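# Just need the structure, nothing else, for what follows:
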Amino acid sequence: MDGANYINTEASDIIDMLGRAGYRAYIAGSCLCGLIMNKNVSEIDILTSAGIKEIKVLFPNSQNCGGYVSVNGNKVIFRLRQFKSRTDENPDLNTDMARRDFTINAIACDNNSFTDMYGGRADIENKIIRCVGDAEKNLSEHPIRMLRAVRLACTLDFSLSEETSAAILKYARLLSCANQNKIREELNKILLSKKPEKIILLHKLGMLKYIMNEFEICFDTPQHNKYHIYNVGEHIVHTVKNTPDDLVLRWAALLHDIGKPDCISTDSSGTIHFYGHHKQSAAIANNILYRLRFDSEFVENVSVLIENHDVRIEPSLYGVKRMMARTGESLFEKLLSLQKADAAAKNPDFLKEKEVKIEEVREIHKKILAENHPYLVSHLLIGRKELMKAGIKRGRDVSDILRVLLNEVIVNPKLNNGEYLIKEAKRLKNTLKF
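Numbering: from 1, shown residues only. Here you go, the predicted structure:
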């Protein structure tokens with residue numbers, strides 16, 4: 001098969017320019033895998049025998065990005081870098097390919113031909129993730145590649161080869177010392193993939209207990225009650241599968257019931273309950289997310305969703321606005337999506353009833369937004385400044401009074417006028433213990 005079938009005009013011109021200057025050049029790696037699968041790619045990697053300085057001379061408008069040089073095309077970015085090798089002073093394409101993780105990423109082509117020493121094209125056709133060379137050596141030397149194998153299985157909807165799966169099972173323990181940033185990056189890509197439910201492979205291949213043991217024990221936690229048909233771990237996986245591809249939402253789905261093993265109890269009839277699991281799940285989720293080095297805003301958003309995922313929102317203007325006040329506008333829609341996904345991962349006998357209630361809440365939410373109902377402290381027509389001018393100067397007093405005023409306005413939006421709110425604030429200050 002001619003390599004030119006996968007090379008656009010710009011890429012061909014870059015390869016030709018390097019060739020005329022006496023350098024070898026090839027399209028290689030995951031971008032070529034994408035091109036072979038007829039996927040749109042936004043970045044194309046070009047390997048060359050030229051060094052960074054030589055590339056910059058040939059492409060003076062390019063940008064040096066450390067390990068590679070970036071050249072802007074019309075619709076894609078070209079990343080040019082020199083062949084890599086651990087041992088050879090003068091590395092070539094073959095030594096570079098030998099250092100790759102998986103066969104589907106160890107293919108290359110120029111304007112005339114393919115280089116495919118490890119059967120990468122056949123594995124693409126057969127939808128297989130297979131290590132380059134000896135799987136045990138490959139993965140034990142680069143433990144994060146075990147996570148990457150699962151990520152590729154999720155993003156491409158491929159299966160892992162028997163040798164790759166066996167090597168992961170043998171060396172999964174090495175992930176306990178892996179870089180948390182890299183683990184986070186791979187988990188994010190798994191959760192945003194086309195098959196996020198394949199995250200269960202982390203459990204099946206023995207990796208999960210070394211990167212998130214809090215999740216691992218969920219697969220040993222039963223749910224013997226009429227609302228559930230899966231154990232906790234399986235239920236979580238099905239919930240993730242049912243959510244839209246939003247990172248905050250999928251992390252909330254992944255961690256929403258992770259506190260259940262700590263809250264399990266069985267009544268006299270043998271029914272299992274998980275009282276208070278939403279708060280425990282939020283606490284454990286915070287620990288996991290901070291351990292994985294997410295930023296505070298992300299952790300807070302996930303925590304809000306988890307704490308409220310099991311709350312039954314009353315389908316009334318008051319009930320919906322009360323929840324909107326707890327979540328804020330950006331998270332309220334996500335909460336409804338999480339609740340719907342959670343319901344769909346339970347006993348289907350109760351699904352229709354729950355979906356109807358969620359849709360009732362959704363319609364009321366639309367009405368609140370369309371009619372500009374106030375539901376946040378920031379929506380009040382007075383704030384801290386006005387209260388302090390009215391003589392209410394203690395910080396906690398101001399906060400407490402604003403919360404009471406908001407509750408009144410949520411019940412009756414007509415009360416949201418400055419004159420009434422100041423008068424009511426003074427009354428509250430004089431008659432209540434703030």
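
# Low-confidence bits of the stretch 301-434 of the chain, can you list those?
Along the stretch 301-434 of the chain, the model assigns pLDDT under 70 to residues 432-434.

# What segments of it are helices?
Assigned by DSSP state H, counting those that start in this stretch, the stretch 301-434 of the chain shows helices spanning 317-327, 329-344, 351-370, 384-389, 395-411, 418-431.

# so the last one versus helix 395-411, what angle?
For helix 418-431 against helix 395-411, the angle between stretch directions is 130 degrees (axes from the mean of the first three to the mean of the last three Cα atoms, to 10 degrees).

# CA atoms only: put helix 418-431 into CSV for me.
The C-alpha trace of helix 418-431 is given here as CSV (Å, rounded to 0.1, in the frame of the first residue of the first chain):
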residue,chain,number,x,y,z
GLY,A,418,-34.2,47.2,47.7
GLU,A,419,-36.5,49.0,50.1
TYR,A,420,-38.1,45.8,51.4
LEU,A,421,-34.9,43.9,51.7
ILE,A,422,-33.2,46.7,53.8
LYS,A,423,-36.2,47.0,56.0
GLU,A,424,-36.3,43.2,56.5
ALA,A,425,-32.6,43.1,57.2
LYS,A,426,-32.9,45.6,60.0
ARG,A,427,-35.8,43.7,61.5
LEU,A,428,-33.8,40.5,61.4
LYS,A,429,-30.9,42.2,63.0
ASN,A,430,-33.0,43.6,65.8
THR,A,431,-35.3,40.6,66.5
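
# on that earlier part again, could you point out which of the helices of the stretch 301-434 of the chain sits nearest residue 8?
helix 329-344 (38.2 Å; Cβ to Cβ). Using the backbone N, CA and C atoms, a C-beta is placed for each residue, glycine as well.

# need the contact list for residue 311.
Contacts of residue 311 were listed using Cβ atoms under 8 Å, 6 or more residues apart in numbering, and they are 278, 323.

# Please repeat the previous calculation with a cut-off of 6 Å.
By Cβ atoms under 6 Å, 6 or more residues apart in numbering, the contact set of residue 311 is empty.

# ok, and for stretch 314-323, which residues are buried?
With burial defined by 16 or more other Cβ atoms under 10 Å, the residues of stretch 314-323 counted as buried are 315, 317, 319-323.

# swap that for stretch 404-414, sorry
405-406, 408-410, 413.

# how long is stretch 114-124 end to end?
14 Å (Cα to Cα, to the nearest Å).

# Just the residues contacting it, thanks.
So stretch 114-124 is contacted by 3, 36, 93, 97, 103-104, 106-108, 130, 132 (Cβ under 6 Å, 6+ apart).

# Residue 149: which of the residues you listed is nearest?
For the contacts of stretch 114-124, the nearest to residue 149 is residue 130 (9.2 Å; Cβ to Cβ).

# Can you tell me how far the nearest residue to that closest one once chain neighbours are set aside is from residue 29?
Excluding its sequence neighbours, the residue lying closest to residue 130 (Cβ to Cβ, 6 or more residues apart in numbering) is residue 161, at 4.2 Å. Here the criterion is Cβ to Cβ, to the nearest Å. By it, residue 161 lies 19 Å from residue 29.

# So which of the two has more stuff around it?
residue 29 (23 against 19; other Cβ atoms under 10 Å).

# contacting residues around that one?
45, 105.

# quick revisit: so can I have CSV of the helices of the stretch 301-434 of the chain showing distance to residue 265?
Below are the helices of the stretch 301-434 of the chain laid out as CSV (distance: least, Cβ to Cβ, whole Å):
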stretch, distance to residue 265
helix 317-327, 27
helix 329-344, 20
helix 351-370, 23
helix 384-389, 44
helix 395-411, 34
helix 418-431, 41
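
# Determine which of those helices approaches residue 290 most closely.
Going by Cβ to Cβ, the one of the helices of the stretch 301-434 of the chain nearest residue 290 is helix 329-344, 19.2 Å.

# which residues are contacting that closest one?
239, 242-244, 249, 252-253, 304-305, 308-309, 324, 327, 351, 354, 358, 362.

# Mind checking which of the residues you listed are buried?
239, 242-243, 249, 252-253, 304-305, 308-309, 324, 327, 354, 358, 362.

# what's the closest of those to residue 145?
Distances from residue 145 to the buried ones among the contacts of helix 329-344, taken by Cβ to Cβ, are shortest for residue 253, at 26.1 Å.

# got a list of contacts for stretch 389-402?
377, 384, 387, 422, 425, 428-429, 434.

# 7 Å instead?
377, 380, 384, 387-388, 422, 425-426, 428-429, 434 (Cβ atoms under 7 Å, 6 or more residues apart in numbering).

# what do you get for stretch 61-70?
52, 55-56, 59, 71, 77, 79-81.

# Could you dump these into JSON lines and include secondary structure, neighbour count and pLDDT?
Below are the contacts of stretch 61-70 laid out as JSON lines (DSSP: H, G, I helix; E, B strand; the rest coil; neighbours: other Cβ atoms under 10 Å; pLDDT from 0 to 100):
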{"residue": "52", "secondary structure": "helix", "neighbour count": "17", "pLDDT": "91"}
{"residue": "55", "secondary structure": "helix", "neighbour count": "24", "pLDDT": "94"}
{"residue": "56", "secondary structure": "helix", "neighbour count": "16", "pLDDT": "93"}
{"residue": "59", "secondary structure": "coil", "neighbour count": "18", "pLDDT": "94"}
{"residue": "71", "secondary structure": "strand", "neighbour count": "20", "pLDDT": "94"}
{"residue": "77", "secondary structure": "strand", "neighbour count": "14", "pLDDT": "95"}
{"residue": "79", "secondary structure": "strand", "neighbour count": "19", "pLDDT": "96"}
{"residue": "80", "secondary structure": "strand", "neighbour count": "24", "pLDDT": "96"}
{"residue": "81", "secondary structure": "strand", "neighbour count": "21", "pLDDT": "93"}
